[in-house]
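Peer 1: This is a predicted model, with the sequence first.
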Amino acid sequence: MKRLLICTDGSNYSQQCCSYGAWLAKESGAAIDVLYVTDIRRFEIPAVADLSGSLGVQPYEGMIAQMQEVEALKAKFVSEQTLDIFKQAGLPNRVQFHHQTGLLVDAIGQLAQEADLILLGKRGENANFATEHLGSMLERVIRTVKKPCLVTPRAYQPVQRLVIAYDGGVSCQQALHFVAAQALFHALEIQVITVVERQDADLATARLLEAEQVLQAAKLKPICQVLNGEVGTAIADYITQAQVDCLIAGAYGHSRIRELIIGSTTTDLMRRCHIPLLCFR
């Protein structure tokens, strides 16, 4: 990895996201871009629109100007807060802060193309008011960008044991090769799990053998295991029981219509697992 992109909104989740970014940057030598996006929808709220109609154009313009001033102060605070985290980590010269206005999913474009890995907090600045909800832009960003995304939890913890949830799909194959190519993962305990909802030992064995061969070719020694049951539940339970520090998985591998009907395993795992989730499309 040569370049990391961290998306921040100044929340506690974002600060922990920066901590994971600092760890990755230290281990890989990567440079860091930090992106803060002023959500343009803040300036289009119904209350402002209603006031503009009842009070006229001049008060409306004044209110917008004041909101922009407040947002500029917030962006400055987020920049100082973020740079301080990396300064304390001994990485002050590797970080570049970017401030844009718009929507994150649109603003991320060029920086995402240059990044090898994108980091996002699982929730944002409204986490305390909607504890069961993921960040409003999280799923859209993961579905849109073509790079792996690390979704980080509320609290940072050192990564020593990671699990790859392998189903044989293209995205999971990408995950295997990514892990095999990164030297920083070679110092960690790596486990590979596959889940079968019905008894199908031959399929599970073939999957694990395929994954094991890729990792062993990179001089890694994975621990492989078959799980039975519903995919999301089996993985979430295993993470808790095995005290896993990071989960690697393919993301949103089915159509939006299918996910609308029966739900998304990726989204379910994000909600249920309190560890980083490294997603591959």
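Peer 2: Received the coordinates, thanks.

Peer 1: By residue count, what's the longest helix in the protein?
Peer 2: Counting by DSSP state H, the longest helix found in the chain is helix 57-88.

Peer 1: Which other helices and strands does that helix contact?
Peer 2: strand 3-8, helix 12-28, strand 31-39, helix 46-55, strand 95-102 (3 or more Cβ pairs under 8 Å, 6 or more residues apart in numbering; DSSP states H and E). Placement of C-beta: from N, CA and C, glycine included.

Peer 1: Just want the angle from that helix to helix 12-28.
Peer 2: Interaxial angle, helix 57-88 versus helix 12-28 (axes from the mean of the first three to the mean of the last three Cα atoms, to 10 degrees): 40 degrees.

Peer 1: got the domain boundaries for this structure?
Peer 2: 3-45+70-152, 161-280 (automatic domain parsing).

Peer 1: May I see those organised as TSV, with mean pLDDT and mean neighbour count added?
Peer 2: Putting the domains of the chain into TSV (pLDDT from 0 to 100; neighbours: other Cβ atoms under 10 Å) gives the following:
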stretch	mean pLDDT	mean neighbour count
domain 3-45+70-152	88	18
domain 161-280	85	17
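
Peer 1: Columns distance to Met63 on top of these, output as a markdown table?
Peer 2: Formatted as a markdown table, the domains of the chain follow (distance: least, Cβ to Cβ, whole Å):
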| stretch | distance to Met63 |
| --- | --- |
| domain 3-45+70-152 | 9 |
| domain 161-280 | 36 |
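
Peer 1: Of all those domains, which one comes closest to Ile64?
Peer 2: Evaluated over these, closeness to Ile64 peaks at domain 3-45+70-152, with 5.8 Å, by Cβ to Cβ.

Peer 1: For the closest one, measure first residue to last.
Peer 2: Its first and final residues considered, domain 3-45+70-152 spans 18 Å by Cα to Cα, to the nearest Å.

Peer 1: Stretch 90-97 now?
Peer 2: From its first residue to its last, stretch 90-97 covers 16 Å (Cα to Cα).

Peer 1: got it, and stretch 88-95?
Peer 2: 12 Å.

Peer 1: Give the next helix or strand downstream of the helix or strand hosting Gln113.
Peer 2: For Gln113, the host element (DSSP states H and E) is helix 109-114. Once the chain leaves helix 109-114, the next helix or strand it forms, by DSSP H and E, is strand 117-121.

Peer 1: Okay, and the beta partners of the residue most central in space within the chain?
Peer 2: Nearest to the mean C-alpha position of the chain, by Cα atoms, centre = their mean, lies Val151 at 2.2 Å. Residues in a beta bridge with Val151, per DSSP bridges, are Leu120, Leu277.

Peer 1: circling back to that earlier point, for Gln243, find the nearest of the helices and strands packed on helix 57-88.
Peer 2: helix 12-28 (17.8 Å).

Peer 1: Skipping adjacent residues, who's closest to His99 in space?
Peer 2: Closest residue in space to His99, ignoring its immediate chain neighbours: Ala75 at 4.7 Å, by Cβ to Cβ, 6 or more residues apart in numbering.

Peer 1: In this structure the one you found contacts His98, no?
Peer 2: No. Counting by Cβ atoms under 8 Å, Ala75 sits too far from His98 to count as a contact (10.1 Å).

Peer 1: quick one on the thing from earlier: by contact count, what packs against the helix holding Gln113?
Peer 2: Under the contact criterion of 3+ Cβ pairs under 8 Å, 6+ apart, helix 109-114 touches strand 3-8, strand 31-39.

Peer 1: where's it relative to the chain centroid, distance-wise?
Peer 2: Relative to the centre of its chain, helix 109-114 is centred 15 Å away, using Cα atoms, centre = their mean, to the nearest Å.

Peer 1: pull the CA atoms of it into CSV?
Peer 2: Extracted in CSV, the C-alpha atoms of helix 109-114 (Å, rounded to 0.1, in the frame of the first residue of the first chain):
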residue,chain,number,x,y,z
GLY,A,109,-13.7,10.6,-6.8
GLN,A,110,-10.1,11.5,-7.6
LEU,A,111,-8.7,10.8,-4.2
ALA,A,112,-10.2,7.4,-4.3
GLN,A,113,-8.7,6.6,-7.6
GLU,A,114,-5.2,7.4,-6.2
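
Peer 1: who touches it?
Peer 2: Arg3, Leu5, Asp33, Leu35, His98, Ile118, Val145, Lys146, Lys147 (Cβ atoms under 8 Å, 6 or more residues apart in numbering).
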